[in-house]
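Asker: Build me a structure from this.
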Amino acid sequence: MDLHVHTFYSYDATTSLKEVVFYAKKRGLDGVAITDHNNVEGALKLAQKSNMLIIPGVEVTTQRGHVLALNVTKPIPPRLSPSETIQRIHEVGGIAVAAHPTTVYKGGLRRQIEPSLDAVEVINSKAFPFFLSTYLGRRLAVRLNLPQTAGSDAHHASEIGFAHTIIEADPDVDEIIRTIKRGAAVPVGKPIPWKTRLQNAASDLRRSL
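Answerer: From the prediction side, this is the model:
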């Protein structure tokens, strides 16, 4: 499963809900987590209309970086402290994953990592430099003794699936979340190719003109 996917319900993404399903299947994924910026609307709509396994989520902007809230169906207020954000996520039955924590320019959690986190995203396909970010992310997760996840952080349909998490569990959202939380998930992936990055950047530029 790709545990970090954006749709056009994020201000900086272009992927339609139909494209999420098409590209996820094209990449051989069994499901995805929709994690739009501070918005659960796209995740809820896709979960209702798709026969693919969809984990509803949100990428929450905190005062010190971003946190992925997985298995949440209600908005989490942005701009809270990381600890309060995580508490809100737990209150609505979700798990909190540190999003790209070792990539400064992408809004990773800065300074001290909160001990109440449930997992660390150690592979993020958009991270640069990718291999250094992955190395530091894995080292951080090991040091904190936290489960590891991976996601593409796709903002365009063609980026979906370059990183994903192997989860041996029944195709049930709650069971998948429990499997992640107990550390029985394996992050794998690679960086988004530069050709794909440049094509998507050029597309964004054309839309802005």
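Asker: Apart from its neighbours in sequence, what residue is nearest His155?
Answerer: With sequence-adjacent residues excluded and distances taken as C-beta to C-beta, 6 or more residues apart in numbering, His155 is closest to Ala13, at 4.0 Å. The way it works is simple: take the backbone N, C-alpha and C, and place the C-beta from them, glycine included.
Asker: pretty sure the one you found is touching His6, no?
Answerer: Yes. Here Ala13 reaches His6: they are 3.8 Å apart, a contact under C-beta atoms under 8 Å.
Asker: which residues do these two both contact?
Answerer: Listed as contacting both Ala13 and His6 by C-beta atoms under 8 Å, 6 or more residues apart in numbering are 36, 154-155.
Asker: now the residues you listed as TSV including neighbour count, pLDDT and distance to Ile123?
Answerer: Converted to TSV, the shared contacts of Ala13 and His6 look like this (neighbours: other C-beta atoms under 10 Å; pLDDT from 0 to 100; distance: C-beta to C-beta, whole Å):
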residue	neighbour count	pLDDT	distance to Ile123
Asp36	22	98	20
Ala154	30	98	13
His155	21	97	17
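Asker: Quick check: of these, which lies closest to Asp174?
Answerer: Lowest distance from Asp174 to the shared contacts of Ala13 and His6 (C-beta to C-beta) belongs to Asp36, with 21.2 Å.
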